[in-house]
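Asks: Provided below are the primary sequence and the corresponding predicted coordinates.
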Amino acid sequence: MTDTATLAPPIDGAALLNEVEAFHRRFNVFPHEAAYVAVALWDAHAHLLDAFDSTPRLAFLSPEPGSGKSRALEVVETLVPRSMAAVDASAAALFRSVSGIDGGRPTILFDEIDTVFGPKAGENEQLRGFINAGHTRGRVMYRCVGDGANQQVQGFPSYCALAVAGLGNLPDTIMTRSVIVRMRRRAPNEQVEQFRTRIHVREGNALRDRLAKWAQAIQKQVMNAFPEMPDGVTDRPADVWEPLLAVADAAGGDWPKRAREACLTLVKASRINDKGSIGIRLLTDLRDHVLSGIDRLPTVAILDRLNAMDDAPWADMGGKPLDSRRLSKMLSEYVTADGDPITSRNIKTGGGVLKGYYATDLHDAWSRYCPPPRESPLPPLPGTENMV
């Protein structure tokens, strides 16, 4: 018979996550409370990958250097299992590491990711493919191995936790698989403790070891969990947040509530910053800024309004403003509710008949591709109030 007096008390998951969050707060200044919650949950989820169908990428991004991205990644490194810094690692090196050849699946930490995907870095399709594939459990990357004619196709596992830091943005396929923390430079009144490697790595590793023990205790619980999503969080954002919410629910306390609040905050922020493809941006600008409140508009008027938008790309499309030919080509890739390509039609005006576009032809594309509209529509543009 086991002496119950000798059994270790169960780990309080909520208290442990509080400590992880507090550890980050000592060295990191995140833009809002939601980021602290999300990062602490991400640290914990990295110990539970085999309990989930997918693992979100964690991305610390900023427009300027000196915003604390690398420090955030350093703190994460102390808290996750088998951390592997990979500043300049190739895709081949990464998927061989994840395959377990060296004895364990790493948590990959990729600093200066902008040097890989930035405007001067090329496409790096192999690395992008590795990062995308590793988001989902069971995905493998196929490579030819062997010498000369004696080569065979071999599948390498790619599923692993991955956090990155860098300037600007990431490719869309990675952004949609990520929890994004928009870092910024510290204000004069925002103070943090100096991170001392000799001291604080040990402290973080102690928390890491406790997270690992807690993960073992709750693995079966989270493996069978399908956490309830906040209203409006579906599809890819739901895939991203499901593991984090499962961890929060297992921890208990106020973490389930805080996690869902953080989820809504960060998903909403990602939608605001996500302009989508250039085609979706065009559809959205037509809905919100050009055809808002009116049912049709001549092409010449549409182009005038698009090219006058200060925060839009339309005035400089490869060195020249958007013209009717390109507008027609871009819109023809989408279809009306009847399945016909969106094309210009005749519009009667006081001066005759002009080619233009009808809002009814765009409604179906707007509902399928654009982010939710503003809560209140913009007023009609000057000079369009009486157009019929």
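Replies: Right, received. Where do you want to start?
Asks: going forward, measure contacts between C-alpha atoms and count neighbours the same way
Replies: Noted.
Asks: quick check: pLDDT value at the residue lying closest to Ser99 once chain neighbours are set aside.
Replies: Closest residue to Ser99 apart from its sequence neighbours, by CA to CA, 6 or more residues apart in numbering: Pro157 at 5.1 Å. Looking at Pro157, its pLDDT reads 75.
Asks: what is the end-to-end distance of stretch 308-323?
Replies: 13 Å (CA to CA, to the nearest Å).
Asks: got the buried residues for it?
Replies: Of the residues in stretch 308-323, Pro313, Trp314, Ala315, Pro321, Leu322, Asp323 count as buried by neighbour count, 16 or more other CA atoms under 10 Å.
Asks: residues in contact with it?
Replies: For stretch 308-323, the external contacting residues (CA atoms under 8 Å, 6 or more residues apart in numbering) are Leu303, Leu306, Asn307.
Asks: one step back: columns distance to Arg186 on top of the buried residues of stretch 308-323, output as TSV?
Replies: Output for the buried residues of stretch 308-323, formatted as TSV (distance: CA to CA, whole Å):
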residue	distance to Arg186
Pro313	31
Trp314	34
Ala315	35
Pro321	38
Leu322	39
Asp323	43
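Asks: now those in TSV, with secondary structure and distance to Ile180?
Replies: Listed next are the buried residues of stretch 308-323 as TSV, based on DSSP: H, G, I helix; E, B strand; the rest coil; distance: CA to CA, whole Å:
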residue	secondary structure	distance to Ile180
Pro313	coil	24
Trp314	coil	27
Ala315	coil	29
Pro321	coil	32
Leu322	coil	32
Asp323	coil	35
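Asks: Ser270: which of the residues you listed is nearest?
Replies: Each of these was scored against Ser270 by CA to CA, and Pro313 proved nearest at 19.8 Å.
Asks: roughly how far apart are that closest one and Asp304?
Replies: Distance from Pro313 to Asp304, by CA to CA: 13 Å.
Asks: tell me which residues of the helix or strand of the chain at the bottom of the mean pLDDT ranking come out buried.
Replies: Lowest on mean pLDDT, DSSP states H and E among the helices and strands of the chain sits strand 140-147, with a mean of 71. Residues Val140, Met141 are the ones in strand 140-147 that count as buried (16+ other CA under 10 Å).
Asks: again, but for stretch 345-355
Replies: Arg345, Ile347, Lys348, Leu354.
Asks: look at Ala165 and give its secondary structure.
Replies: strand (DSSP: H, G, I helix; E, B strand; the rest coil).
Asks: contact partners for it?
Replies: Residues in contact with Ala165 (CA under 8 Å, 6+ apart) are Ala59, Phe60, Leu61, Lys69, Ser70, Leu73, Phe110, Asp111, Glu112, Ile113.
Asks: who's it bridged to?
Replies: Assessed by DSSP bridges, Ala165 has beta-bridge partners Phe60.
Asks: can you check the pLDDT for it?
Replies: So Ala165 comes in at 93 (pLDDT).
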